[in-house]
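Q: Predicted structure and sequence below. I'll ask about it afterward.
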Amino acid sequence: MEQTGWSIARKILLAAGLALSHAAQADFELTGPDGRRILLKDDGTWRYVEAKDKAEDKDQAKDKVKEAGEATLRLEAKAERAGTCRFVLRLVNNLPYQIRSFVPEFSAYRANGAIYDTVFSGFAFIKSGDNQSREIQFRGIGCQDIARVQVGGGDRCDMGELEKFAEVKGQCLARVRVVESDLVRFDK
């Protein structure tokens with residue numbers, strides 16, 4: 001049985017049409033008139049994109065920010081001397097710009113949640129890729145009596161487009177990730 005040119009062309013077109021219709025049936029997202037995201041499934045169903053999906057999007061956005069760099073603050077050491085607890089801190093600048101000035105506050109808390117004291121320590125002129133160490137001391141309290149050191153404030157900064165006093169509290173500190181420590185609870 002001999003096939004004509006039209007018969008072969010029809011078979012090729014049919015195969016190409018099946019391949020294209022299969023590719024056209026993939027899931028895709030669109031935005032509804034009310035601004036909510038909608039997922040259209042290839043089986044003909046749809047659903048709104050849930051908060052879980054949005055959380056995944058935020059995680060992906062955070063990963064992109066981390067790729068661009070971040071500053072990290074670590075608590076590296078603690079030592080007790082004559083009723084004073086001393087901590088060594090290191091700020092690492094992996095931001096794409098210089099940290100010209102950053103002055104956070106450090107609060108020491110007792111195990112019962114009461115704040116004992118707050119001290120300030122400044123970091124200055126840390127080029128991108130460099131780091132700087134500072135020491136803070138809480139006088140009149142032993143290290144064993146400090147259950148937590150909390151980082152706060154930091155609104156006196158000069159980094160990137162932020163200069164001197166940030167208009168919105170927390171903008172400077174938001175650019176610095178505080179790394180957990182095995183020495184004492186250390187967080188924002």
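A: Yep, that arrived. Numbering: from 1, shown residues only.

Q: going forward, measure contacts and count neighbours with C-alpha atoms only.
A: Noted.

Q: Apart from its neighbours in sequence, what residue is nearest residue 36?
A: The shortest distance from residue 36 to any residue that is not its chain neighbour, by CA to CA, 6 or more residues apart in numbering, is 7.1 Å, and that residue is residue 48.

Q: for residue 39, same thing?
A: Spatial nearest neighbour of residue 39, excluding adjacent residues (CA to CA, 6+ apart): residue 29 at 4.4 Å.

Q: What count of nearby residues applies to that neighbour?
A: Residue 29 is flanked by 14 other residues according to other CA atoms under 10 Å.

Q: go on, residue 137?
A: Neighbours of residue 137 (other CA under 10 Å): 22.

Q: what are the bridge partners for it, then?
A: Here residue 137 sits in beta bridges with residue 86, going by DSSP bridges.

Q: Let me know the next secondary structure element after the helix-or-strand element of the chain with minimal mean pLDDT.
A: Comparing every helix and strand of the chain by mean pLDDT, DSSP states H and E singles out helix 51-68 as the least confident one, with a mean of 49. Under the assignment DSSP states H and E, the closest C-terminal helix or strand after helix 51-68 is strand 71-81.

Q: Can you name every helix or strand that that following strand contacts?
A: Contact partners of strand 71-81 among helices and strands, from 3 or more CA pairs under 8 Å, 6 or more residues apart in numbering; DSSP states H and E: strand 84-93, strand 176-178.

Q: Tally up the residues packed near the closest residue to residue 139 other than its chain neighbours, please.
A: Take residue 139 and drop its neighbours on the chain: the residue closest to it by CA to CA, 6+ apart is residue 84, 4.4 Å away. The number of residues packed near residue 84 is 15, by other CA under 10 Å.

Q: List the contacts of residue 84.
A: Residue 84 makes contacts with 137, 138, 139, 140, 141, 142, 143, as judged by CA atoms under 8 Å, 6 or more residues apart in numbering.
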